[in-house]
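[1] Here's my sequence, what's the structure:
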Amino acid sequence: MMNLHHFGVIGGGAWGTALAQALIRAGRDVSLWAREADVVDSINNAHENAVYLPNVPLDEKLKATADLAALGACDAWLLVTPVQHTRGVCVQLDAIAASRPVPIVLCSKGIEMGTLKFPSTIVSEALPSCPLAVLSGPSFAIEVAKAQPTAVTLACADEALGATLCQAIGSRTFRPYASTDVLGAQIGGAIKNVLAVATGIATGCGMGEDARAALITRGLAEMMRLGVALGAKAETLMGLSGLGDLVLTCSSTQSRNMSLGMALGQGRQLADILGERKSVAEGVPTTTSAAALAQLKGVDMPIVQAVDAILNKGACVDEVIAGLLARPLKAERV
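    So this is what the prediction gives:
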């Protein structure tokens, strides 16, 4: 069995920091790479990521570095950079992986703009010698960092490697459930961010819990339609990385995507919202890609298309909502 003791976490945002903390609780050695010098300094000297995860004490054993080559000795990598930057990071990793390919666990959610590719395809093209897995599910960074109980999906086509990763990553408060549906885990993680923007818009417009429940349920139907069209398993989308993540992200303003949608629903402009944020709201670029992918595959995704119209086509929020409510009545089915 592969020995996975030293993990490299690539990405010093809130989620990367939280995962590094979870790995240390699981008894692993962890090296965290961050591109920002102030993040590296804060973690190493103050034992806190004051930039992206403030006021959360970090284990003193967690060490950060701005030198990506320092992760060359790790047994596995967790790739936690935003999806739109994944390809560029893989270019930097190429020289390291060529001499010593290691398993890569993909932890970011989204679809690459332009290519309409999911992270596993991006990484497999750039680093073909590295075996891949996907970690996804209902998880807020601050709760994972504080050791609040969390369950996620860990999907890997190689069942033996998946089981080894689950054992290495899992702990009493962080429970990965194994799957082989790598694509399904990524579809759920990407589309739920778009639906969270939609739910936030509805909340910001003053709609109630009935509307939120309807958006979650019909949004799940859209997610499953796309998943089936792309070859994912329906059971994956009904699990932690699909329905579980969807419910969490559409139910709390802790979600960057839902809070962004709320601001839009309250009449604020997208550029202003994004300009005041440090963390990435993956739902914004993913909406563009998801709408294009749905059109390419001939999949009906009216909620996704509605969010795309608001974010990218200058559509009026009230008019888009009116259009959704005016759709013809039909039988309930996926």
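[2] how far away is residue 101 from residue 119?
    Distance of residue 101 to residue 119, given as Cβ to Cβ, to the nearest Å: 17 Å. Every residue, glycine included, has its C-beta placed from N, CA and C.
[3] can you pull out the strands in the stretch 1-150 of the chain?
    6-10, 29-33, 63-65, 76-79, 104-106, 132-136, 150-155 (DSSP state E, counting those that start in this stretch).
[4] so how far is stretch 241-250 off the chain centroid?
    11 Å (Cα atoms, centre = their mean, to the nearest Å).
[5] just the CA coordinates of that stretch, formatted as CSV?
    Taking Å, rounded to 0.1, in the frame of the first residue of the first chain, the C-alpha atoms of stretch 241-250 are listed here in CSV:
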residue,chain,number,x,y,z
SER,A,241,-20.9,16.3,-3.5
GLY,A,242,-24.2,17.1,-5.1
LEU,A,243,-27.3,17.5,-3.0
GLY,A,244,-25.4,17.9,0.3
ASP,A,245,-23.2,20.7,-1.0
LEU,A,246,-26.1,22.3,-2.8
VAL,A,247,-28.2,22.5,0.4
LEU,A,248,-25.3,23.9,2.4
THR,A,249,-24.3,26.5,-0.1
CYS,A,250,-27.9,27.7,-0.8
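[6] and that stretch, which residues are buried?
    Residues of stretch 241-250 classed as buried: 241, 242, 243, 244, 245, 246, 248, 249, 250 (neighbour count, 16 or more other Cβ atoms under 10 Å).
[7] re the thing from before, to residue 202, which of the strands of the stretch 1-150 of the chain lies closest?
    Set against residue 202 and scored by Cβ to Cβ, those come closest in strand 132-136, at 24.3 Å.
[8] Run through the neighbouring helices and strands of the closest one.
    With contacts taken as 3 or more Cβ pairs under 8 Å, 6 or more residues apart in numbering; DSSP states H and E, strand 132-136 sits against strand 104-106, helix 119-126, strand 150-155, helix 159-169, helix 182-204.
[9] quick one: strands adjacent to that strand?
    strand 104-106 (parallel), strand 150-155 (antiparallel) (DSSP bridges).
[10] List the contacts of the longest one.
    Read that as strand 150-155. 105, 133-139, 143-144, 162, 165-166, 169, 173-182, 184-185, 236, 239-241, 244 (Cβ atoms under 8 Å, 6 or more residues apart in numbering).
[11] hmm, back to that, need the strands of the stretch 1-150 of the chain in JSON lines (columns: mean pLDDT and distance to residue 318).
    Below are those laid out as JSON lines (pLDDT from 0 to 100; distance: least, Cβ to Cβ, whole Å):
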{"stretch": "strand 6-10", "mean pLDDT": "98", "distance to residue 318": "42"}
{"stretch": "strand 29-33", "mean pLDDT": "98", "distance to residue 318": "44"}
{"stretch": "strand 63-65", "mean pLDDT": "97", "distance to residue 318": "46"}
{"stretch": "strand 76-79", "mean pLDDT": "98", "distance to residue 318": "40"}
{"stretch": "strand 104-106", "mean pLDDT": "98", "distance to residue 318": "38"}
{"stretch": "strand 132-136", "mean pLDDT": "98", "distance to residue 318": "34"}
{"stretch": "strand 150-155", "mean pLDDT": "98", "distance to residue 318": "37"}
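[12] Of all the ones you listed, which one comes closest to residue 22?
    Using Cβ to Cβ, these put strand 150-155 closest to residue 22, at 8.1 Å.
[13] With only the CA atoms kept, save the closest one in PDB.
    Extracted in PDB, the C-alpha atoms of strand 150-155 (Å, rounded to 0.1, in the frame of the first residue of the first chain):
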ATOM      1  CA  THR A 150     -17.700  17.500   8.200                       C
ATOM      2  CA  ALA A 151     -18.400  14.700   5.600                       C
ATOM      3  CA  VAL A 152     -17.200  14.900   2.000                       C
ATOM      4  CA  THR A 153     -16.900  12.800  -1.100                       C
ATOM      5  CA  LEU A 154     -13.500  11.600  -2.200                       C
ATOM      6  CA  ALA A 155     -13.800  10.300  -5.800                       C
END
